[in-house]
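> this is the structure alone, sequence omitted:
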């Protein structure tokens with residue numbers, strides 16, 4: 001396993017220089033006047049203090065994860081999820097014809113059917129626990145295009161599944177499905193097979209999923225009804241690509257649909273981003289088109305195509321209502337605000353990977369659009385039911401087409417932001433960000449909030465950085481653990497901590513797990 005336990009070279013040199021100056025000052029005796037010819041009275045002189053210890057990286061890499069049946073183009077890591085000591089990785093283009101749990105991985109008779117891999121950590125060591133397939137595996141269903149985990153429950157989306165409700169019937173092309181699995185004593189079984197109550201061809205139900213406890217939210221961003229709001233008529237197809245979200249709840253092991261949610265305006269791929277936290281649901285619609293900015297602005301014009309929006313809903317007594325309509329503070333056509341959303345408690349983070357300002361860091365100048373598709377992330381907080389923008393985050397070295405915020409995750413006061421098309425050739429943690437020696441290798445930026453103020457803490461690269469790997473295409477946080485995927489990584493390794501140096505399986509994909517170093521835990 002490749003690890004990096006050092007900060008950037010410039011940081012080390014600065015600390016060593018300060019240490020040298022300090023020791024030099026100690027050895028000078030502390031008197032800046034001329035030397036005296038009168039002998040001094042002998043005295044006991046304390047030795048100078050030791051130099052400071054070498055700096056320790058705040059994050060360390062714990063694991064390098066590959067599929068147990070690595071194959072070119074499987075895209076292991078297209079999406080991933082984490083909860084505690086369990087990481088779940090989707091590979092939507094895996095091709096075996098197996099069904100269910102731990103079936104035969106050795107054939108490729110159902111191309112792009114998809115698979116999901118479950119890894120668990122014991123005493124700091126990661127191992128694969130399960131290999132999951134749909135109960136009705138079919139070519140091109142892309143099972144694993146979305147994954148979510150909460151405790152011992154796992155949800156998996158297959159956006160191109162074709163059934164009409166019966167798994168044996170493929171008469172409703174690309175309607176989509178979601179599969180729910182549960183774990184008992186380390187053994188996974190399928191608990192449910194879910195479809196939309198208005199399943200229609202092309203809706204792509206399952207393109208995104210979010211799970212918390214006994215509540216599951218499913219995005220269907222190509223759903224086409226012209227309904228607006230909650231639980232209205234979804235039986236027409238008069239608004240293609242408007243999108244919808246379906247909320248399911250579990251009672252005594254049985255899942256049922258609780259709500260059918262649409263945007264309060266025309267939306268636009270509503271359901272592209274979905275996040276749950278308790279009784280709060282956030283939904284992104286990156287093709288929404290209003291020119292509004294901030295919270296609860298005017299939704300009724302379409303003068304900023306594909307600027308994007310996010311919508312926040314809350315549940316009371318089993319009834320969902322919309323709490324907020326959220327726009328960027330610098331709304332611009334094409335920014336796609338809402339393509340990904342992340343939610344934890346009263347903190348919401350929304351990505352806009354095509355935002356174009358030249359700002360860097362936190363709360364910079366948003367008015368410059370000279371760095372095309374550099375991307376930005378926006379942090380919002382809720383106080384007494386009212387949302388407001390808390391921060392505007394950019395990469396520390398914003399560049400054209402880096403797609404910063406294509407993926408985002410939040411846990412407490414930590415936000416991690418993926419920039420899968422970032423280009424530096426550095427490896428590991430807090431390396432050199434300057435230079436474009438590895439195009440589209442990708443990076444992840446970690447931000448920390450302290451006393452309400454956000455600052456960047458870490459800049460992460462893969463331990464085996466390569467052009468085109470797109471490290472950061474998926475990110476997930478749980479407690480002190482961060483998982484990052486690189487869906488186009490190309491090694492032919494299998495399992496955990498294998499050989500990263502061989503690129504004979506292009507676009508097979510990999511996942512990397514980072515933990516906060518206990519020596520620096522206080523820094524987080």
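Arrived safely. Just so we're clear, the structure is a prediction, and the values are computed from it rather than from any experiment. Numbering: from 1, shown residues only.
> okay, CA-based contacts and neighbour counts for the rest of this
Will do.
> quick one, helices of this structure?
Using DSSP state H, the helices of the chain run over residues 9-27.
> shaky segments in it?
Applying pLDDT under 70 to the chain picks out residues 1-58, 517-524.
> next up, the contacts around residue 299.
Contacts for residue 299 (Cα atoms under 8 Å, 6 or more residues apart in numbering) come out as 265, 290, 291, 292.
> contact partners for the third one?
It refers to residue 291. With Cα under 8 Å, 6+ apart, residue 291 has these contacts: 298, 299, 301, 302, 303, 304, 307, 331, 332.
> same thing but at 6 Å, please
By Cα atoms under 6 Å, 6 or more residues apart in numbering, residue 291 lies in contact with 303, 304.
> likewise the last one?
Residue 292 makes contacts with residue 298, as judged by Cα under 6 Å, 6+ apart.
> flag every buried residue along stretch 178-186.
Neighbour-count burial for stretch 178-186 flags 178, 179, 180, 181, 182 (criterion: 16 or more other Cα atoms under 10 Å).
> run through the bridge partners of the last one.
Same thing as residue 182. Judged by DSSP bridges, the bridge partners of residue 182 are residue 153, residue 189.
> in space, what's closest to residue 475 - neighbours in sequence excluded?
Counting by Cα to Cα, 6 or more residues apart in numbering, the nearest residue to residue 475 once its immediate chain neighbours are dropped is residue 484, at 4.6 Å.
> show the contacting residues for the one you found.
Contacts of residue 484 by Cα under 6 Å, 6+ apart are 472, 474, 475, 511, 512.
> ok, now which ones touch the second one?
Read it as residue 474. 79, 407, 484, 485.
> switch to 8 Å and redo it
By Cα under 8 Å, 6+ apart, the neighbours of residue 474 are 77, 78, 79, 80, 407, 408, 418, 484, 485, 486.
> excluding covalently adjacent residues, which one is nearest to the last one?
Here the nearest residue to residue 486 in space, its sequence neighbours aside, is residue 471; by Cα to Cα, 6+ apart that works out to 3.9 Å.
> any idea what the nearest residue to residue 230 once chain neighbours are set aside is bridged to?
Take residue 230 and drop its neighbours on the chain: the residue closest to it by Cα to Cα, 6+ apart is residue 261, 4.6 Å away. Counting by DSSP bridges, residue 261 is bridged to residue 230, residue 245.
> can you name the residues bridging to residue 220?
In beta-bridge terms (that is, DSSP bridges), residue 220 pairs with residue 244.
> pretty sure it is touching residue 241, no?
No: Residue 220 is beyond contact range of residue 241, at 9.2 Å (criterion: Cα atoms under 8 Å).
> counting neighbours, go ahead and name the busier of these two.
Set residue 220 next to residue 241 and count neighbours by other Cα atoms under 10 Å: residue 220 wins out with 30 against 22.
> list the contacts of that one.
203-208, 243-246, 270-272.
> nearest to residue 361 among the residues you listed?
Nearest to residue 361 among these, counting by Cα to Cα, is residue 272 at 26.1 Å.
> isn't that closest one up against residue 337?
No: counting by Cα under 8 Å, residue 272 does not reach residue 337; the two are 10.6 Å apart.
> okay, buried residues for stretch 136-149 please.
By neighbour count with 16+ other Cα under 10 Å, stretch 136-149 contains the buried residues 136-149.
> mind putting these into CSV with distance to residue 231?
Shown next, in CSV, are the buried residues of stretch 136-149 (distance: Cα to Cα, whole Å):
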residue, distance to residue 231
136, 29
137, 31
138, 32
139, 33
140, 31
141, 28
142, 28
143, 27
144, 28
145, 26
146, 24
147, 25
148, 24
149, 26
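> just the strands in the stretch 51-200 of the chain please.
Applying DSSP state E, counting those that start in this stretch to the stretch 51-200 of the chain gives strands spanning 59-65, 79-83, 86-91, 115-122, 125-132, 143-150, 153-158, 177-184, 187-194.
> so which of those gets nearest residue 396?
Nearest of those (Cα to Cα): strand 59-65, 17.7 Å.
> tell me what the closest one is packed against?
strand 125-132, strand 510-516 (3 or more Cα pairs under 8 Å, 6 or more residues apart in numbering; DSSP states H and E).
> roughly how far does the closest residue to residue 78 other than its chain neighbours sit from residue 253?
Nearest residue to residue 78 in three dimensions, chain neighbours excluded: residue 487, at 5.2 Å (Cα to Cα, 6+ apart). Here the criterion is Cα to Cα, to the nearest Å. By it, residue 487 lies 34 Å from residue 253.
> the two: which has the busier surroundings?
Neighbour count, other Cα under 10 Å: between residue 487 and residue 253, residue 487 has more, with 29 against 10.
> out of the contacts of residue 474, who has the most neighbours?
The most neighbours of any of the contacts of residue 474, using other Cα under 10 Å, belong to residue 77, which has 37 neighbours.
> correct me, but that one touches residue 91?
Yes: applying Cα under 8 Å, one finds residue 77 in contact with residue 91, separated by 6.0 Å.
> just give me the neighbour total for residue 326.
There are 28 residues near residue 326, going by other Cα under 10 Å.
> thought it was touching residue 307?
No: assessed by Cα under 8 Å, residue 326 is found out of contact with residue 307, at 11.6 Å.
> how near is the residue nearest to residue 298 when sequence neighbours are not counted to residue 331?
The shortest distance from residue 298 to any non-neighbouring residue, by Cα to Cα, 6+ apart, is to residue 292 (5.6 Å). Going from residue 292 to residue 331 by Cα to Cα gives 7 Å.
> could you do residue 270 as well?
Applying Cα to Cα, the value for residue 270 to residue 331 is 17 Å.
> beta partners of residue 349?
Here residue 349, judged by DSSP bridges, has bridge partners residue 342, residue 379.
> how about it, what does it touch?
341, 342, 343, 377, 378, 379, 380, 408, 409, 410 are the contacts of residue 349 under Cα under 8 Å, 6+ apart.
> what does residue 414 give?
Residue 414 is in contact with 446, 447, 448, 449, counting by Cα under 8 Å, 6+ apart.
> next, the buried residues of stretch 460-480.
460-478, 480.
> dump the helices and strands packed on strand 59-65 to TSV, plus mean neighbour count.
Listed next are the helices and strands packed on strand 59-65 as TSV, based on neighbours: other Cα atoms under 10 Å:
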stretch	mean neighbour count
strand 125-132	20
strand 510-516	24
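> I'd say residue 152 and residue 183 touch.
Yes: Residue 152 sits in contact with residue 183 when judged by Cα under 8 Å, with a separation of 5.0 Å.
> quick one: common contacting residues for the two?
Common neighbours of residue 152 and residue 183 (Cα under 8 Å, 6+ apart) do not exist.
> relative to residue 397, which of the buried residues of stretch 178-186 is nearest.
Distance to residue 397, by Cα to Cα, is smallest for residue 178 among those, at 38.6 Å.
> so that closest one bridges to which residues?
Where residue 178 sits in a bridge, its partners, by DSSP bridges, are residue 157, residue 194.
> show me what contacts it?
Counting by Cα under 8 Å, 6+ apart, the residues that residue 178 touches are 155, 156, 157, 158, 193, 194, 195, 205, 206, 218.
> please repeat the previous calculation with a cut-off of 10 Å.
134, 143-144, 146-147, 155-159, 161, 192-196, 205-209, 218 (Cα atoms under 10 Å, 6 or more residues apart in numbering).
> ditto for residue 284
So residue 284 contacts 219, 221, 263, 267-275, 308-312, 326, 336-342, 350-351 (Cα under 10 Å, 6+ apart).
> how does it look with 6 Å?
Applying Cα under 6 Å, 6+ apart, we find residue 284 in contact with 270, 271, 272, 273, 310, 338, 339.
> turn these into TSV, including neighbour count.
Shown next, in TSV, are the contacts of residue 284 (neighbours: other Cα under 10 Å):
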residue	neighbour count
270	33
271	38
272	27
273	28
310	32
338	38
339	29
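> relative to residue 85, which of those is nearest.
Relative to residue 85, the closest of the contacts of residue 284 is residue 273; by Cα to Cα it sits at 24.5 Å.
> my read: that closest one touches residue 340, true?
Yes: counting by Cα atoms under 6 Å, residue 273 touches residue 340, with 4.4 Å between them.
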